[in-house]
Each structure stands twice: as structure tokens, then as C-alpha cells.
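okay, here's the prediction I keep looking at, along with the sequence it came from:
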Amino acid sequence: AVRAALAHPGPALVDVDVNPNEPPMPGKVSYEQAKHFTEAFLRGQPHKAATLATVARDKINELRS
């Protein structure tokens, strides 16, 4: 679906299911990005525990592969 959307000459929409507790993070994160993300997260994230659990699970899965 993503390949077809990118190949389409114009706007396209891809409908996907996502984890609402998955923070939008780039593939590689610099120290400064991580620092700013953490500061913003601690100030205003309403679902801190669920989001932290998702981040930890993703990191563990990344280390396993």
C-alpha cells in the first residue's frame, strides 16, 4: 500500500493502525534530540507509563534482532 501511494502521481492516503503510545521518533536519534524529547515528554505526556513501556519494548526488540 505504501509503495502504491508513493508511486501515485499526486496526493495519496494510506490507512494504517498504529499504537497510540508509540512516540514519533526518527530511526536514528542524536543526543540533543533525545534530550529535548525527554524534557518535552516529562512536561506534557498524559500517558507516560504506557508510552515508556512501548519505548522499552521497542528497544528490547531492537537489541534482540
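Arrived safely, thanks for sending.

break down the chain into its helices, ranges please.
Secondary structure of the chain, counting by DSSP state H: helices at 2-7, 31-44, 48-64.

what's in contact with the first one?
Just to be clear, that refers to helix 2-7. A12, L13, V14 (C-beta atoms under 8 Å, 6 or more residues apart in numbering). (Each C-beta comes from the backbone N, C-alpha and C, glycine too.)

can you flag the buried ones in the residues you listed?
Not one of the contacts of helix 2-7 meets the buried threshold, by 16 or more other C-beta atoms under 10 Å.

export those residues to JSON lines and tack on distance to G44 and pLDDT?
Formatted as JSON lines, these follow (distance: C-beta to C-beta, whole Å; pLDDT from 0 to 100):
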{"residue": "A12", "distance to G44": "32", "pLDDT": "96"}
{"residue": "L13", "distance to G44": "29", "pLDDT": "95"}
{"residue": "V14", "distance to G44": "28", "pLDDT": "94"}
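
need these in a markdown table with distance to H36, can you?
What follows is the contacts of helix 2-7, written out as a markdown table (distance: C-beta to C-beta, whole Å):
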| residue | distance to H36 |
| --- | --- |
| A12 | 31 |
| L13 | 30 |
| V14 | 29 |
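
of all those residues, which comes closest to Q45?
V14 (26.3 Å; C-beta to C-beta).

for A1, grab the count of nearby residues.
Using other C-beta atoms under 10 Å, A1 has 10 neighbouring residues.

ok, the one 3 residues further on next?
Residue crowding around A4 was assessed by other C-beta under 10 Å; the count is 9.

from V14, how far off is it?
The spacing between A4 and V14, counted by C-beta to C-beta, to the nearest Å, is 8 Å.
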